[in-house]
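Q: build me a model from this:
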Amino acid sequence: MDAQELIKRYKDGERYFAKASLNGAVLASAYLIGAVLRGADLSGADLSEANLHMADLREVNLVGANLGKADLSQAKLDLANLSEAYLGLADLSGADLRKVNLSEASLNRADLHNANLSEADLIWVGLVGADLSGADLSGANLSGANLGGANMEGANLKGAKVEEEQLAHVLSLRGAILPDCKAKE
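A: From the prediction side, this is the model:
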């Protein structure tokens, strides 16, 4: 299946595209609300400005994909591989990103409020100016992550691997549960 066939089938009412092979597909600005792409290969795909609200993207390979300005709000992305992906200005609010691999991804100015990033791999990820308010980052690995100007109000960082120096550059930690399990006022 190629990108054009996927779009046509979606427009015809089909929503189930699990394990589709769409490596390098161009799906920029595609409207795929609620699509089931579980286990699909979308590595290197262009999904910039795509609407994937409430999509099932569990276990999807999105290595090196472009998801800039994409709507991934309330999407299921647990166990997905998004390493080296571009997600700048993407809407991931309320998304399920448990145990996701986001190593070396760019999420600068992304909306991740109320997202579940528990046990996520966020090594060397760019989160400059990102909204992580209310996000669950418990057990996440934030080693080397750039958190400059990120909003982490009310975020749960219990058990997260993050350095005090990284948190010094955060915009706000008010009400956050820090790795030492103490709430910051």
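
Q: now the helices for this structure?
A: 3-11, 164-167 (DSSP state H).

Q: distance to R58 added to those, as CSV?
A: C-betas here are computed from N, CA, C, even on glycine. Compiled in CSV, those are given as follows (distance: least, C-beta to C-beta, whole Å):
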stretch, distance to R58
helix 3-11, 18
helix 164-167, 29
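
Q: and these, which one averages the lowest pLDDT?
A: If these are sorted by mean pLDDT, helix 164-167 sits at the bottom with a mean of 94.

Q: so how far is that helix off the chain centroid?
A: In terms of C-alpha atoms, centre = their mean, to the nearest Å, the centre of helix 164-167 is set 22 Å apart from its chain centre.

Q: list of residues touching the worst-scoring helix or strand of the chain on mean pLDDT?
A: The least trusted helix or strand in the chain, going by mean pLDDT, DSSP states H and E, turns out to be helix 164-167, with a mean of 94. Taking C-beta atoms under 8 Å, 6 or more residues apart in numbering as the criterion, the residues outside helix 164-167 that touch it are 142, 145-147, 152, 173, 178.

Q: and for stretch 72-83?
A: Residues external to stretch 72-83 that are found in contact with it (C-beta under 8 Å, 6+ apart): 52-65, 67, 87, 90-105, 111, 116, 121.
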